[in-house]
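> Kindly generate the corresponding structure for this input.
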Amino acid sequence: MRKTVVFVVAAVIGATTLAGPASAQQSTAPAPSGAPAKGSVQLNVNTAINQTLVDKYVRDAPNVALAKCEGASPAFSSPALTFSNYTPGPFMGTDANISADAALKPGIGAGTYPLTVTCGDQTYRTQFTVPAPQVSKVPSGAAKAGDGSMAG
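Predicted structure coming up:
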């Protein structure tokens, strides 16, 4: 019972953190020498449970593009993603002031793709990875683990 409660609490914290972004590494365009970066863009944020989400597309889960922009009319773009539901920030634990839901375009395969945000006359870039899809159907004739079919 206790392990179940701990797991459920951890899952809720992770889901809440994914919905409200947590701290993450930022990918930014280079700032002028000595000046702090004024903007950034990234795909997804790390959670308390999973620290490897930044700039990685997660299949079968919500994905969010986040940016810190000081210019007008921020717009995300990527040849692999579509964007919807632009939402202004700030976001707790993440240095961003705009987000948008990100969905993989049909037919996009595994690989590395660019993600940009344009805010007024400023553009910030990063790259993100799309993993290969997991096998969702067991091939016909495949051994079935645990059913005894392989017992001699």
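> Low-confidence stretches in the chain?
Across the chain, the ranges flagged by pLDDT under 70 are 1-37, 93, 136-139, 141-152.
> the helices in it, which residues?
2-19 (DSSP state H).
> how about the strands of it, start to end?
Applying DSSP state E to the chain gives strands spanning 40-43, 63-68, 75-77, 81-88, 98-104, 111-119, 122-130.
> partners of the fifth one, with directions?
Strands adjacent to strand 98-104 in the sheet, as given by DSSP bridges, are strand 63-68 (antiparallel), strand 81-88 (antiparallel).
> Same list, the ones you listed, but as TSV with mean neighbour count and distance to residue 127 please.
For glycine as for every other residue, the C-beta is placed from the backbone atoms N, C-alpha and C. Output for those, formatted as TSV (neighbours: other Cβ atoms under 10 Å; distance: least, Cβ to Cβ, whole Å):
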stretch	mean neighbour count	distance to residue 127
strand 63-68	24	13
strand 81-88	14	12
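> rewinding a little: which stretch among the strands of the chain comes nearest residue 49?
Proximity to residue 49 (Cβ to Cβ) singles out strand 63-68 among these, at 16.4 Å.
> who's in contact with that closest one?
18, 21, 24, 26, 38-45, 57, 74, 76, 81, 83, 89, 91, 94-104, 115, 117, 119, 124 (Cβ atoms under 8 Å, 6 or more residues apart in numbering).
> now that strand against strand 111-119, angle please.
Angle, strand 63-68 to strand 111-119, by axes from the mean of the first three to the mean of the last three Cα atoms, to 10 degrees: 40 degrees.
> circling back: switch the strands paired with strand 98-104 over to CSV; also include distance to residue 134.
As requested, those are exported to CSV (distance: least, Cβ to Cβ, whole Å):
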stretch, distance to residue 134
strand 63-68, 16
strand 81-88, 20
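> closest one to residue 131 among the ones you listed?
Closest approach to residue 131 among these is made by strand 63-68 (12.0 Å; Cβ to Cβ).
> Now a PyMOL select for only the buried ones of the contacts of strand 63-68.
To isolate the buried members of the contacts of strand 63-68 in PyMOL, using 16 or more other Cβ atoms under 10 Å:
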select buried, resi 18+21+24+26+38+39+40+41+42+43+44+45+57+74+76+81+83+91+94+95+96+97+98+99+100+101+102+104+115+117+119+124
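> How about the contacts made by residue 128?
42, 43, 55, 56, 57, 78, 112, 113, 115.
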